[in-house]
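1. no sequence on this one, just coordinates:
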């Protein structure tokens, strides 16, 4: 849909010779009006794109954190069932590398972080409501710096 100022400019351009058209356009407020409406439109669309990207990033982050927590919870459950020293994390890491060869983030080290994460915040409600607001790298930093359960919950 064309704005009124743009359609006026086009109608004006069709009825004038090129030399008169250029001088008229330079003196005309029609072009200024057209530029302003385009700029507002670009700003509006740009803001929508930025807002959409931010929302998408937050949703993806929340899902990533929830997935890491669930994997950590599964590891804790398997270790409780199979016992200490059964190499649950190492076997899971190897199996995930076979199942998802292009995926990253399932090393034994990262799976240990997931386990520690689920152990540090055992309540899924706390994870969804509060903890999931931080990116995974920040979660790891907190786990490394906050060593006791009391520190985790403060």
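-> Arrived safely. Computed from a predicted structure; not experimentally measured. Residues are numbered from 1 along each chain as shown.
2. what segments of this structure are helices?
-> 4-14, 18-27, 30-82, 88-99, 108-120, 124-129, 136-145, 149-153 (DSSP state H).
3. rounded mean pLDDT for the fifth one, please.
-> This means helix 108-120. Helix 108-120 carries an average pLDDT of 94.
4. direction-wise, compare it with helix 30-82 and give the angle.
-> Orientation check (axes from the mean of the first three to the mean of the last three CA atoms, to 10 degrees): helix 108-120 against helix 30-82 gives 80 degrees.
5. still on that earlier bit, weakest of the helices of the chain in terms of mean pLDDT?
-> Taking the mean pLDDT of those, helix 4-14 comes last: a mean of 46.
6. and for residue 118, the neighbour number?
-> Each residue near residue 118 was counted by other CB atoms under 10 Å, and the total is 21. The way it works is simple: take the backbone N, C-alpha and C, and place the C-beta from them, glycine included.
7. and it, what is it in contact with?
-> 69-73, 75-76 (CB atoms under 8 Å, 6 or more residues apart in numbering).
8. cutoff 10 Å now
-> 68-77, 124, 127 (CB atoms under 10 Å, 6 or more residues apart in numbering).
9. and for residue 97?
-> By CB under 10 Å, 6+ apart, residue 97 lies in contact with 103-104, 106-107.
10. please repeat the previous calculation with a cut-off of 8 Å.
-> residue 106.
11. make 169 the first number, not 1, from now on.
-> New numbering, starting at 169: the last item is residue 265.
12. what distance do you get for it to residue 247?
-> 20 Å (CB to CB, to the nearest Å).
13. what do you get for residue 283?
-> 8 Å.
14. these two: who's more crowded?
-> Legend: neighbour count by other CB under 10 Å for residue 283 and residue 247, higher for residue 283 (22 against 16).
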